[in-house]
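Undergrad: Any chance you could fold what I've pasted below:
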Amino acid sequence: MTTATIAGVDVDVDAEGFFTDPQQWTDDMAREMAREAGIPELTERHWLVIRYMRAQYLEKGTAPTIRSLGKESGVAIKELYQLFPKGPAKLAARLGGIPKPRGCI
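TA: Numbering: from 1, shown residues only. Here you go, the predicted structure:
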């Protein structure tokens, strides 16, 4: 396990930078990680997806797939790719402070 400093706080992450303890996550951390990923500002649509991902993970113990994310979050798959370029499920999970979804490379 590795430690990373995000928004001035040390958090536990795996080798790919995903949180190992979702309880350490804060909104400020999401904002900082988004800027580092090339997203200058998180809009309400971004937050809708991030909060949905977190809720599903905390409820079920696993993050939703891109397909279920597109069907159930209220944000279409095409828009997900616009909001979170280069892999929406993976990036939204990272920004939401949860482990990498199954099936993501």
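Undergrad: ok, the spatially closest residue to residue 46 that is not a sequence neighbour - how many residues close by?
TA: Setting aside the residues directly before and after it, residue 46 is nearest to residue 83 in space (C-beta to C-beta, 6 or more residues apart in numbering), at 5.5 Å. C-beta: built from backbone N, CA, C; applies to glycine. Look at residue 83: counted by other C-beta atoms under 10 Å, it has 19 neighbours.
Undergrad: Tell me the spacing between residue 83 and residue 3.
TA: 29 Å (C-beta to C-beta, to the nearest Å).
Undergrad: List the residues that contact the residue nearest to residue 46.
TA: 39, 43, 45-46, 49, 75 (C-beta atoms under 8 Å, 6 or more residues apart in numbering).
Undergrad: gap between it and residue 56?
TA: 17 Å.
Undergrad: just residue 30 next, same as before
TA: Going from residue 30 to residue 56 by C-beta to C-beta gives 16 Å.
Undergrad: So which bits of the helix or strand of the chain with the lowest mean pLDDT are buried?
TA: Across the helices and strands of the chain, mean pLDDT, DSSP states H and E gives its lowest value to helix 66-72, namely a mean of 89. Using 16 or more other C-beta atoms under 10 Å as the test for burial, helix 66-72 gives 66, 69-70.
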